[in-house]
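1. Below is the sequence, then the predicted model.
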Amino acid sequence: MKLLPLDKLGAREIESGVIDFGLFLPWVSATNGNRLWVKIIHEQDQFLQDIQPMEFELTHSIDAEYGDYWSGTLTINSQPKPHPKSAWGTPGTYVYRYCLHNPNRGEIDWIIDPFAREFGVGKLSAITIGYEDHVWSDQENVWKTPALNDLVMYEMMIDEFGTDIDGAIERLDYLADLGINCIEVMPISNVALTVDWGYLPIGYFGVDERFGNRKDFQKFVDAAHKKNIAVILDAVYGHTSDSFPYSYLYRQLAYHENPFMGSFAKDYFGESTDYNRTFTQDFFFTVNYYWLERYHVDGFRYDCVPNYWDGSTGKGYANLTYRTYQTVKDKKDAGDHWQKFFNNDTINLIQCAEQLEGPQEILNSTYTNCTWQNETFGAAKDLAHGNRDQLTNFGFRLGLSNYPVEVTANGDKIAKTALQYIENHDHQRFVCNFGFINRDNELLKEGNRDLWYKVQPYLIGILTAKGIPLLWQGQEFGENYYLPDQGFGRVMLLRPVRWDYFYDAIGNRVISLVRKLVKLRREQSQFREGNHFFYNHYERYQSKNILLFSRQYGNSFSLVALNFGDWDQTVPFWFPISGDYYEELQGQNNLIGVPSYSEYGITIPSNYGRIWTVKTA
């Protein structure tokens, strides 16, 4: 994989008021009678009926590496205003698109710039005249990305969490106070719709205008790092929208083949990208590098990996994560913001897969260091629906049974783990599993928050278990949105975080519990990197709706006891270490003078849990 020459691609202001345009359109040549124009207008004029976009023709040449290349230079102030009231010639943002005239297919308009750094409304690319980059704080030269086992992750969609990027920045103090040290941001790449999750991208090198602009997101990352919070991006590289230019244009041209798109691995979603094409490989490798270099992100959550998974030695996903890791590794002596990834002998680049079909395989055989996995979630959901046989499965899943903790590849020693969650953007809120409040529209029904207490043992489990705990925005104070399993109602309905829940009685109780658990995890090493042991004894524990596991690291030992039933239960346990055990959740029910390896009765309240930690010298 190679980096594309971004210095000649997209719209770039090369000097005041002078814009260079450039893009690769393989197999679209002037020798075949093609002509390409850019249509551009000041954004203040775009909705005015008397002002139409200015049109400028681009020239064709051949790039030695990528073939057909179209480019041109436009001096804004050298062109007369198209209308006396036009904002043309003034600083600000100009929106543009490309239009191709093909001798066989006629005019093909509304071609998005695949290398645009900014975007307008809908299917418009953009460039800001007089744009100035964010000035990064000095913190960027000392900030360190947290180690994998130390992560407590929070997934957010910018507009639902804080309306826009500035609003999200204002909430960073809240997340830091909660104990979050890594934010997973749902896609901020450009999409055609105003309300959308972002998983059908049409532009990759900038921030969608509904969230803000590129400087805004740089400010967001900088502000997060100042509060010791890493930022990773949800990256959608296995599929695109059908409006993505390398899909849209070649379909309009009726070409039988495509230099970028096509079936490669699975075709689960959207228009598949073809990693058999060198251009496709280089494009997404360049996207990764661009966000690491220009936006200082700490890594990526790779969406829908099966769409570009062709094995551990393939051209798709495995190759991309390998090349990204090696590129970061080569920056060890570069200084500045790249230093954040290096801590002693480890490289803390976060590469998180959404490979639900083979989460263990992806960790064992690629440079991925963490992965989403639905095994814990699936067991928890089945358990919540009354399948008590899943309690044993849930116990093993909390311990990430059969998952690697470290893999050495090509001499690179990489820590490995998986995420633990009961909620994320893909699923309805967990309280929905216990009951609904129906509305006059199926999409508007909600989980019954009066049953919030049933969620407690699940929360205690994932926040003390092995792996990286993931919270989905608002989960920490009892958000209760319903989400259908399929259909446009999933992605085209805005579900803003209801911050008023933070203040009500239920929200107050849920966040109090979450704060305790996150603090416990951050302060006590056994919950981050310790041994996880599941006490699997059906008659003694699971038959009574009880699940027990311990976390131990060195002399630090904690017993986590969860009760998923509606009645308090007292069960026997044989503590391996004698001493006084402090109960972490309530500070009550402490166990004093516990003997080692002797039967000891412990009581676990219904729909709740206990965490006992031995105090050793």
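-> Received, thanks.
2. How about V121: what's its closest non-neighbour residue?
-> In this structure, V121 finds its nearest non-sequential neighbour in E209, 6.6 Å apart by CB to CB, 6 or more residues apart in numbering. (C-beta placed from N, C-alpha, C; glycine too.)
3. so what's that neighbour up against?
-> Listed by CB atoms under 8 Å, 6 or more residues apart in numbering, the contact set of E209 reads E118, F119, G120, V121, A126, N190.
4. Lowest-confidence one in those?
-> Lowest pLDDT of the contacts of E209: N190, 83.
5. hey, what's that one bridged with?
-> Beta-bridge partners for N190, by DSSP bridges, are G203.
6. How much space separates it from V121?
-> 11 Å (CB to CB, to the nearest Å).
7. circling back: can you redo the contacts of E209 as a markdown table with distance to T408, secondary structure and neighbour count?
-> Shown next, in a markdown table, are the contacts of E209 (distance: CB to CB, whole Å; DSSP: H, G, I helix; E, B strand; the rest coil; neighbours: other CB atoms under 10 Å):
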| residue | distance to T408 | secondary structure | neighbour count |
| --- | --- | --- | --- |
| E118 | 42 | strand | 26 |
| F119 | 42 | strand | 28 |
| G120 | 47 | coil | 20 |
| V121 | 49 | coil | 14 |
| A126 | 45 | strand | 23 |
| N190 | 39 | strand | 30 |
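8. export those residues to CSV and tack on distance to H42?
-> CSV is the format used below for those (distance: CB to CB, whole Å):
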residue, distance to H42
E118, 14
F119, 15
G120, 11
V121, 13
A126, 11
N190, 20
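9. Closest one of those to L398?
-> The nearest member of the contacts of E209 to L398, counting by CB to CB, is N190 at 38.5 Å.
10. need the contact list for the closest residue to N480 other than its chain neighbours.
-> Among residues not flanking N480 along the chain, G447 sits closest, at 3.8 Å (CB to CB, 6+ apart). Applying CB under 8 Å, 6+ apart to G447 gives the contacts 428-437, 480-482.
11. Across the sheet, point out what pairs with G447.
-> F436.
12. Domain boundaries for the protein, per the record?
-> Domain ranges of the chain: 6-129, 529-614, per automatic domain parsing.
13. Determine which of the ones you listed approaches T145 most closely.
-> domain 529-614 (16.6 Å).
14. For the contacts of E209, work out which two are farthest apart.
-> Pairwise over these, using CB to CB, the maximum falls at E118 and V121, 11.9 Å.
15. Where do the helices of the stretch 101-250 of the chain begin and end?
-> Counting by DSSP state H, counting those that start in this stretch, the segments of the stretch 101-250 of the chain that form helices are 158-162, 165-170, 172-178, 214-226, 245-252.
16. can you give me the offset of the third one from its chain's centre?
-> The offset between the C-alpha centroid of helix 172-178 and the centroid of the whole chain comes to 18 Å, using CA atoms, centre = their mean, to the nearest Å.
17. now what about that helix, what contacts it?
-> Contacts for helix 172-178 (CB under 8 Å, 6+ apart): Y154, I183, A223, A224, K227, N228, I229, E476, I511, V514, R515, V518.
18. same deal with the longest one?
-> Contacts with helix 214-226, where a contact means CB under 8 Å, 6+ apart, come from 117-118, 131-134, 136-137, 139-140, 143, 164-166, 168-169, 172, 183, 188, 206-207, 211, 230-231, 294-297, 340.
19. Can you verify R97 is assigned to a strand?
-> Yes. Using DSSP: H, G, I helix; E, B strand; the rest coil, the assignment for R97 is a strand.
20. neighbours of it, just the number please.
-> Applying other CB atoms under 10 Å, we find 22 residues neighbouring R97.
21. same deal with D485?
-> 8.
22. if I look at it, how far off is N448?
-> 19 Å.
23. picking up where we left off before, show me how to select, in PyMOL, the buried members of the contacts of G447.
-> Buried subset of the contacts of G447, written as a PyMOL selection, criterion 16 or more other CB atoms under 10 Å:
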select buried, resi 428+429+430+431+432+433+434+436+480+481+482
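24. Pipe the contacts of G447 into a markdown table and attach secondary structure, distance to C370 and pLDDT per row.
-> Below are the contacts of G447 laid out as a markdown table (DSSP: H, G, I helix; E, B strand; the rest coil; distance: CB to CB, whole Å; pLDDT from 0 to 100):
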| residue | secondary structure | distance to C370 | pLDDT |
| --- | --- | --- | --- |
| Q428 | coil | 24 | 96 |
| R429 | coil | 24 | 96 |
| F430 | helix | 21 | 97 |
| V431 | helix | 27 | 97 |
| C432 | helix | 27 | 97 |
| N433 | helix | 26 | 96 |
| F434 | helix | 29 | 96 |
| G435 | coil | 33 | 95 |
| F436 | strand | 33 | 95 |
| I437 | strand | 35 | 93 |
| N480 | coil | 28 | 96 |
| Y481 | strand | 26 | 96 |
| Y482 | coil | 29 | 95 |
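25. Nearest to Y458 among the contacts of G447?
-> Nearest to Y458 among the contacts of G447, with distances taken as CB to CB, is F430, at 6.6 Å.
26. any idea how far the residue nearest to G435 when sequence neighbours are not counted lies from G489?
-> The spatially closest residue to G435, leaving aside those adjacent along the chain, is N448, at 4.1 Å (CB to CB, 6+ apart). Going from N448 to G489 by CB to CB gives 20 Å.
27. Please tell me I have it right and V236 contacts V305.
-> No. Judged on CB atoms under 8 Å, V236 makes no contact with V305 at a distance of 10.8 Å.
28. what residue is smack in the middle of the protein?
-> D234 (3.2 Å; CA atoms, centre = their mean).
29. separation between it and E539?
-> Here the criterion is CB to CB. By it, D234 lies 44 Å from E539.
30. got it, and H225?
-> 51 Å.
31. Comparing these two, which residue is more hemmed in?
-> H225 (24 against 7).
32. what residue ranges in this structure score low on pLDDT?
-> 617 (pLDDT under 70).
33. Could you check which helix or strand contains the closest residue in space to E375 that isn't next to it in sequence?
-> Residue nearest to E375 in three dimensions, not counting chain neighbours: R397, with 4.9 Å by CB to CB, 6+ apart. Using DSSP states H and E, R397 sits in helix 390-398.
34. which other residues reach the helix ranked longest in the chain?
-> When the chain is scanned for its longest helix (criterion: DSSP state H), the result is helix 505-523. Residues from elsewhere that reach helix 505-523 (CB under 8 Å, 6+ apart): 150, 152, 178-181, 449-450, 452, 455-456, 459-460, 463-464, 469, 471, 475-478, 501-502, 527-528, 584-585, 611.
35. Among those residues, which lie within strands?
-> With strands taken from DSSP state E, the overlap with the contacts of helix 505-523 comprises P469, L471, I611.
36. The nearest residue to the last one once chain neighbours are set aside: neighbour count?
-> Right, the one you point to is I611. Among residues not flanking I611 along the chain, E584 sits closest, at 4.1 Å (CB to CB, 6+ apart). Using other CB under 10 Å, E584 has 22 neighbouring residues.
37. For E584, give me its contacts.
-> K516, L520, S558, I611, W612, T613.
38. again, only this time at 10 Å
-> E584 makes contact with 460, 464, 516-517, 519-520, 524, 527, 558, 560, 590, 609-613, according to CB atoms under 10 Å, 6 or more residues apart in numbering.
39. Check P496 too.
-> Per CB under 10 Å, 6+ apart, neighbours of P496: M157, D159, E160, F161, G162, T163, Q473, G474, E479, Y481.
40. What of R551?
-> If you count contacts by CB under 10 Å, 6+ apart, R551 has them with 399, 464-466, 521, 524-533, 557-560, 611, 613.
41. Recalculate using a threshold of 7 Å.
-> T464, Q526, F527, G530, H532, S558, V560 (CB atoms under 7 Å, 6 or more residues apart in numbering).
42. which residue ranges form the helices in the stretch 451-600 of the chain?
-> 456-464, 505-523, 526-529.
43. Of those helices, which is nearest D566?
-> So among the helices of the stretch 451-600 of the chain, helix 456-464 is nearest, using CB to CB, at 11.6 Å.
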